[in-house]
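Visitor: Please work out how this folds:
(2 chains)
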Amino acid sequence: MPSVLPIISDSQAENITKTEELAYELPIEEVMTENVVCLSPDTIIREALDIFRKIRISGAPVTDQGKLVGILSIEDLIRSLREGRIDLKVSDYMTKNIYVIKTYDPVIEALKVFAKSGVGRLPVLNREGKLAGILTKGDITNGLLKALQQEYHAEEIIRYRASHLFEDIQSERTSLILRYNIKKGDFTHGGSASGHIKRALLRLGATPQLARRCGIAVYEAEMNLIIHSNNGGTLRVEIEPHEITMAAYDDGPGIEDVDKALKPGYSTATEEVREMGFGAGMGLVNIKRCVNEMKLFSSKEAGTQLYMVMYLQDEDKTNKPSARKR
Amino acid sequence: MNIKTILKVSEGKLLTTGVNLETEVKGAFAGDLMSDVLASIQPEAVLLTGLCNPQVVRTALIADVKAIVFVRGKNPADETIALALEENLPIISSPLGLYKLSGQLMLAGLPSLEKTMNHSFDEE
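Guide: Got it, this is the predicted structure:
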């Protein structure tokens, strides 16, 4: 889409993926200009010239009883001026072979037509084939920027609301619990729950460092469930103003020797798992390093329960979960 | 060092779109074991790896990695690329080996972002 790239500045460049996504999602009707000034084929060119000058436009669709019959652009006007025939009708100079676009088409379709045709504006037709608006490249840029800004604000608002959660609710003890079911052997989705948890913590106002440490710990725990459990397991994260407790539990097979399992480099993972980059015997060691408190219980009968606790007292006081007024 | 320079030094090919080539990384980390990555990578690094599954991207997201280079001409699985696109994480495929690429990047001035480990893990 070469036609959209040059109008995005460097500072917005990191949003290009988002822009591309929007170009495929955003329908034309959300970016086009409505209430278009239309000319009639019988309008005298001199009058059209006055209209263009008065309302500062450089082109207009020509309609005959609501039906689009052509488009008159500034180029057409110049042609008539040059030929000294501005007393003729619009229908004599308008462009009749015109490209059109539909209200429900995504923006990307319009970009393709702009690139292919070289025209400056496209009339937009609704489902009934009637003229609904007009679209220029400028409309697209404005529309995309507006949509980008809205998405940005949406995330800001989510974050703001989430980070005030603990202040808004009065109770003796408030906590927020997140639960994720983890499937045995589901390597494809391995880590996605942890990704969600990290994002949730950030939205709740955690510092990037805290979110990262919790993310690493819970990711290792998630991979352990995928690799080692009999039937998968559950991740449960409880967020309180003073601490975050992350738990991973399954119903078996249980860890044979808990002390050994806590030794760096000790692993019971299969060759297959190791080939995928896991089973280095560092998981529990990593977890222990990341969190303030780690507890591991395991038995053949009850399976394994791993608790990882992060204290929030030492965190920056502006940081939300810990910033609740008591 | 920015993504543009990494592409040049690694003789690599960018596999994702919409990348801001000016994005800066603070250093590099090389490894194939994701637990090692999680254990000792510092934020805002480029991750050099021979491992191609989607876990690399997930690991990168958790560990605040800024970009990934797949070495030895490896092309990651479609799911890996799809996930990277979704999360807006630049990924590069380089024909160089892990050792050579690490050396080249170091020579070009990119420091290591791998924490040096003590032999004993007991102190923490």
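Visitor: Please make it C-alpha for all contacts and neighbour counts, starting now.
Guide: Noted.
Visitor: Burial check on the one residue in the stretch 201-326 of chain A that gets nearest to chain B, number of neighbours?
Guide: Nearest residue of the stretch 201-326 of chain A to chain B: A:G277, at 4.4 Å (CA to the nearest CA). A count of nearby residues for A:G277, using other CA atoms under 10 Å in any protein chain shown, gives 21.
Visitor: The one 10 residues further on too?
Guide: By other CA under 10 Å, the residues close to A:I287 number 24.
Visitor: what mean pLDDT would you report for stretch A:124-131?
Guide: For stretch A:124-131, mean pLDDT rounds to 88.
Visitor: Assess the claim that A:F297 and A:L262 are in contact.
Guide: No: counting by CA atoms under 8 Å, A:F297 does not reach A:L262; the two are 11.9 Å apart.
Visitor: Contacts for stretch A:124-133, please.
Guide: Contacts with stretch A:124-133, where a contact means CA atoms under 8 Å, 6 or more residues apart in numbering or on different chains, come from A:28-29, A:32-36, A:66-68, A:100-104, A:123, A:134-135.
Visitor: Please list which of these are also close to chain B.
Guide: Checked against chain B using CA under 8 Å from any CA of the partner chain, the contacts of stretch A:124-133 yield no neighbours at all.
Visitor: Just the buried residues from these, in PyMOL please.
Guide: Selection command for PyMOL covering only the buried members of the contacts of stretch A:124-133, criterion 16 or more other CA atoms under 10 Å in any protein chain shown:
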select buried, chain A and resi 28+29+32+33+68+100+101+102+103+123+134+135
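Visitor: can you map out the helices along chain B?
Guide: B:3-9, B:34-40, B:54-62, B:78-86, B:98-107 (DSSP state H).
Visitor: Out of those, which one sits most buried?
Guide: helix B:54-62 (a mean of 25; mean count of other CA atoms under 10 Å in any protein chain shown).
Visitor: Give me the contacts around that helix.
Guide: Contacts of helix B:54-62 (CA under 8 Å, 6+ apart): A:187-188, A:190-192, A:194-195, A:198, A:212, A:215-216, A:219, B:34, B:37-38, B:47, B:66-68, B:77, B:79-81, B:83-84, B:89.
Visitor: thought B:G73 was touching B:S94?
Guide: Yes: judged on CA under 8 Å, B:G73 makes contact with B:S94 at a distance of 5.1 Å.
Visitor: hang on, the earlier thing: comparing A:F297 and A:L262, which shows the higher neighbour count?
Guide: Between A:F297 and A:L262, counted using other CA under 10 Å, A:L262 has the larger neighbour count: 18 against 14.
Visitor: what's A:K102 sitting at in phi/psi?
Guide: Backbone torsions for A:K102, taken as degrees, to the nearest 10, come to phi -100, psi 150.
Visitor: ok, it - contacts?
Guide: A:28, A:124-127.
Visitor: if we go to 6 Å?
Guide: Applying CA atoms under 6 Å, 6 or more residues apart in numbering or on different chains to A:K102 gives the contacts A:124-126.
Visitor: Chain neighbours aside, what residue packs nearest to it?
Guide: Leaving aside its chain neighbours, A:K102 sits nearest to A:L125 (4.8 Å; criterion: CA to CA, 6 or more residues apart in numbering or on different chains).
Visitor: from the middle of its chain, how far away would the helix or strand containing A:V69 be?
Guide: For A:V69, the enclosing helix or strand under DSSP states H and E is strand A:67-73. Put simply, strand A:67-73 sits 38 Å off its chain's centre (CA atoms, centre = their mean, to the nearest Å).
Visitor: Chain B contacts on the stretch 101-250 of chain A?
Guide: A:191, A:215 (CA under 6 Å from any CA of the partner chain).
Visitor: all helices for the stretch 101-250 of chain A, in order.
Guide: Listed in chain order, the helices of the stretch 101-250 of chain A (DSSP state H, counting those that start in this stretch) span A:107-117, A:137-163, A:165-168, A:192-203, A:208-228.
Visitor: and A:A280, how many residues sit next to it?
Guide: 18.
Visitor: Quick check: the most centrally placed residue in chain B vs chain A, distance?
Guide: Closest to where the C-alpha atoms of chain B average out (CA atoms, centre = their mean) is B:L47, at 1.6 Å. Here the distance between B:L47 and chain A works out to 14 Å (CA to the nearest CA, to the nearest Å).
Visitor: which residues sit in contact with that residue?
Guide: B:L47 touches B:28-30, B:68, counting by CA under 6 Å, 6+ apart.
Visitor: Of the residues you listed, which belong to strands?
Guide: B:28-30, B:68 (DSSP state E).
Visitor: contacting residues around the helix or strand bottoming out on mean pLDDT in chain B?
Guide: The weakest-scoring helix or strand in chain B, judged by mean pLDDT, DSSP states H and E, is helix B:34-40 (a mean of 87). Applying CA under 6 Å, 6+ apart, the contact partners of helix B:34-40 are A:277, A:282, A:286, B:114-115.
Visitor: Restricted to buried residues, select those residues in ChimeraX.
Guide: The following ChimeraX line selects those of the contacts of helix B:34-40 that are buried, judged by 16+ other CA under 10 Å:
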select /A:277,282,286 /B:114
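Visitor: okay if I get the contacts of helix B:34-40 as a markdown table plus pLDDT and distance to B:N2?
Guide: As requested, the contacts of helix B:34-40 are exported to a markdown table (pLDDT from 0 to 100; distance: CA to CA, whole Å):
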| residue | pLDDT | distance to B:N2 |
| --- | --- | --- |
| A:G277 | 82 | 27 |
| A:M282 | 82 | 31 |
| A:N286 | 88 | 29 |
| B:E114 | 89 | 18 |
| B:K115 | 82 | 21 |
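Visitor: circling back to that earlier point, narrow the contacts of A:K102 to just the buried residues.
Guide: A:124-125.
Visitor: so of the contacts of A:K102, which ones are in strands?
Guide: Using DSSP E, the contacts of A:K102 in strands are A:124-125.
Visitor: From the contacts of A:K102, pick the one nearest B:P43.
Guide: A:V124 (48.0 Å; CA to CA).
Visitor: how about the residues of chain B that lie near chain A?
Guide: So far as CA under 6 Å from any CA goes, chain B lies against chain A at B:18, B:20, B:32-35, B:39, B:58, B:62.
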